[in-house]
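Novice: Provided below for reference: sequence and predicted model.
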Amino acid sequence: MGDSTLKLPGAAAAPLKPPAVAALSVSSLQLPSSAPQKLTSAASNGNVSGSATGNPRNKCALKPGYSLMSWIRLCNSGADLSGTAGRVVPVSRTELARHNQVNDAWMAIRGKVFNVTRYMDYHPGGVDELMRGVGRDATKLFDEVHAWVNYPQLLGKCYVGPLKDTVASKKATDAELLRLPPPSAPAELKPRFDWIQQRRELTLYFYTRRWANPGVLLKRKTAEELEVRVQLAEIWHLYNFKLHSGIIWPPKALRVSPETGKIELVLSKQEEQPWSSYGSHEASKTSGAPEEELLDFMVQHCSHFNHDSFELCLESVEQELLLHLPVGYHLDIEVPHNGERVQRSYTPVPHNCLLAEAYSSSSSPNSQRFLIKHYENGIVSSQLNQLESGGNLQLTLPRGNFNLAQLEAHRHILLLAAGSGLTPMLSLLRPLLERHTNRIERLQLLYFNKTQADIWWKDKLLALQSSDERFLCQHILSQEVEEQPPTPNQNTRICPELLAPLFEQQQPLGERFSYVAICGPTGFNTAALDSLRRLEFKLTNVHVFQG
């Protein structure tokens with residue numbers, strides 16, 4: 001027999017399927033003959049050459065990938081376009097008025113409130129035209145220019161709830177809004193397990209949720225016994241497998257997709273033959289990792305990186321252990337000091353994070369690579385800098401509070417990093433640039449250092465910028481001495497004046513940065529937050545990485 005896929009009926013649950021959704025079709029959105037014919041032809045090919053909304057004053061060409069068919073595919077994808085997790089929420093006029101920004105846009109049509117945030121770039125009339133109706137009852141405006149459009153079908157997946165049009169709702173206060181029941185929290189996420197096999201391989205699948213950002217810890221106890229831990233925020237889901245027969249270590253592949261939340265573990269069988277089942281497993285969970293649990297690692301090499309930094313590469317002492325960190329998480333390295341144990345937080349540098357080829361999270365999960373700045377009086381960095389190959393260290397399990405799902409709605413993202421604060425940003429680059437849904441349009445890194453010599457991986461950052469026009473890295477140097485010194489009044493430190501051009505009010509709403517991630521020394525982080533606050537940036541769309 002060849003390597004054709006074998007799966008025995010009844011041996012495992014059916015493969016995960018996307019949530020059921022009501023299908024949209026082009027035919028359901030056909031316009032009557034009285035509608036402008038240019039609109040029909042434009043929607044079919046994603047290009048608008050005439051009046052997109054029926055208003056002859058308004059002409060706008062859709063960007064590639066934002067045609068009517070693309071919108072239909074998005075509606076049928078199962079994405080939460082309403083932002084209410086499927087819950088119908090009555091909306092007062094005061095609450096409706098609060099959602100009046102391009103990245104938070106609601107509008108009411110004939111008593112129904114729709115979240116049109118994700119529809120902005122699909123609207124044939126352009127963002128500015130659609131923004132005329134957000135935050136209010138747009139029925140009259142809609143009837144003037146869109147009366148023929150089947151909006152319940154077009155925006156059905158964006159439905160938030162009915163507009164409360166009572167006297168009380170018109171006089172709604174903040175206290176009333178606080179009494180509105182919040183959208184129901186998502187049900188507790190429990191990974192779903194499935195498996196398939198070939199003669200030579202066994203593949204275990206764990207399905208979580210889009211942008212759940214899972215971490216994975218694997219341990220092979222015996223040839224037939226395997227422990228799989230799936231980390232979802234502070235929860236660890238533990239699976240103890242007793243397999244049908246023996247497997248070869250290490251696994252052929254461990255693939256973790258931050259976008260889909262899917263974990264794929266490919267194992268080679270010791271004997272090439274079909275199994276009657278995968279075996280059996282027991283599942284449990286814990287809230288948070290035990291504080292005393294540490295992982296033993298050995299130094300592969302510790303080498304000079306630049307004038308004040310070094311590279312540390314560690315490999316698990318347990319050869320039958322593999323570790324994959326969630327995006328944006330860190331590990332604490334522990335060292336002895338004056339009879340005590342001291343820990344410092346470091347973010348590993350992801351494998352291939354700056355290579356031109358496609359990002360892969362399956363490379364060398366047995367090792368962890370760090371770039372570390374050496375401080376003369378640093379308790380931990382001074383000890384780490386003196387390590388030799390073969391030395392031993394202990395690391396914690398992954399820690400962090402970064403919510404990758406929060407970035408899903410944002411296509412223009414700004415990264416602010418200073419010095420060694422670059423490392424968590426490196427973990428974000430590929431997952432964001434390789435994102436398929438709500439594709440990133442602009443990812444800009446402002447990297448702050450004292451001099452050119454302090455910049456980490458300058459050439460690799462430049463190579464990534466050359467390979468992907470959506471990524472831009474700008475270096476801000478505070479003490480650089482060059483043939484051409486900084487111009488007078490040029491800002492070389494984080495401040496509102498330096499950031500202000502990135503949030504120009506003249507920019508179209510859909511092209512301004514709507515999310516910011518920050519990492520650097522405490523003073524830098526504080527100054528960055530203060531600058532954004534003074535620029536009236538929405539701080540709920542800011543994440544600060546802290547050790």
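Specialist: Great, that's in hand.

Novice: so, low pLDDT: which residues of the stretch 351-500 of the chain?
Specialist: Within the stretch 351-500 of the chain, the stretches with pLDDT under 70 are 352-365, 480-490.

Novice: ignore what I typed, I meant the chain.
Specialist: Residue ranges of the chain with pLDDT under 70: 1-61, 147-148, 165-188, 288-291, 352-365, 480-490, 505-510, 547.

Novice: pop the domain breakdown of this structure in here.
Specialist: Domain assignment for the chain by automatic domain parsing gives 31-179, 192-287, 294-396, 404-544.

Novice: can I get the ones you listed in CSV with mean neighbour count?
Specialist: C-beta coordinates here come from the backbone N, C-alpha and C atoms, glycine included. Converted to CSV, the domains of the chain look like this (neighbours: other C-beta atoms under 10 Å):
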stretch, mean neighbour count
domain 31-179, 17
domain 192-287, 18
domain 294-396, 17
domain 404-544, 17
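
Novice: G261 and P214 touch, don't they?
Specialist: Yes - applying C-beta atoms under 8 Å as the test, G261 and P214 come out as touching, 6.1 Å apart.

Novice: pull up the overlap in contacts between the two.
Specialist: T208 (C-beta atoms under 8 Å, 6 or more residues apart in numbering).

Novice: for the stretch 301-450 of the chain, what spans make up the helices?
Specialist: Using DSSP state H, counting those that start in this stretch, the helices of the stretch 301-450 of the chain run over 379-384, 422-433.

Novice: between those helices, which gets nearest to D332?
Specialist: Proximity to D332 (C-beta to C-beta) singles out helix 379-384 among the helices of the stretch 301-450 of the chain, at 9.5 Å.

Novice: need the contact partners of that closest one.
Specialist: By C-beta under 8 Å, 6+ apart, the residues outside helix 379-384 that reach it are 302, 310, 312, 333, 335, 337, 342-344, 372-376, 393.

Novice: show me which pair in the residues you listed is furthest apart.
Specialist: E376 and L393 (20.7 Å).

Novice: just to revisit the earlier point, want to try CSV for the helices of the stretch 301-450 of the chain, with distance to Q197 as columns?
Specialist: Output for the helices of the stretch 301-450 of the chain, formatted as CSV (distance: least, C-beta to C-beta, whole Å):
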stretch, distance to Q197
helix 379-384, 43
helix 422-433, 30
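
Novice: to S82, which of those helices lies closest?
Specialist: Using C-beta to C-beta as the measure, helix 422-433 is the one of the helices of the stretch 301-450 of the chain that comes nearest S82, at 24.0 Å.

Novice: packing partners of that closest one?
Specialist: With contacts defined as 3 or more C-beta pairs under 8 Å, 6 or more residues apart in numbering; DSSP states H and E, helix 422-433 has these neighbours: strand 367-373, strand 412-418, strand 442-449, strand 515-519.

Novice: angle of it against strand 515-519?
Specialist: 150 degrees (axes from the mean of the first three to the mean of the last three C-alpha atoms, to 10 degrees).

Novice: list the contacts of helix 422-433.
Specialist: For helix 422-433, contacts defined as C-beta under 8 Å, 6+ apart pick out 258-259, 325, 327-328, 330, 346-350, 352-354, 359, 370-371, 402, 404, 407, 413, 415, 417, 440, 443, 445, 447, 456-457, 464, 468, 470-471, 517, 519, 545.
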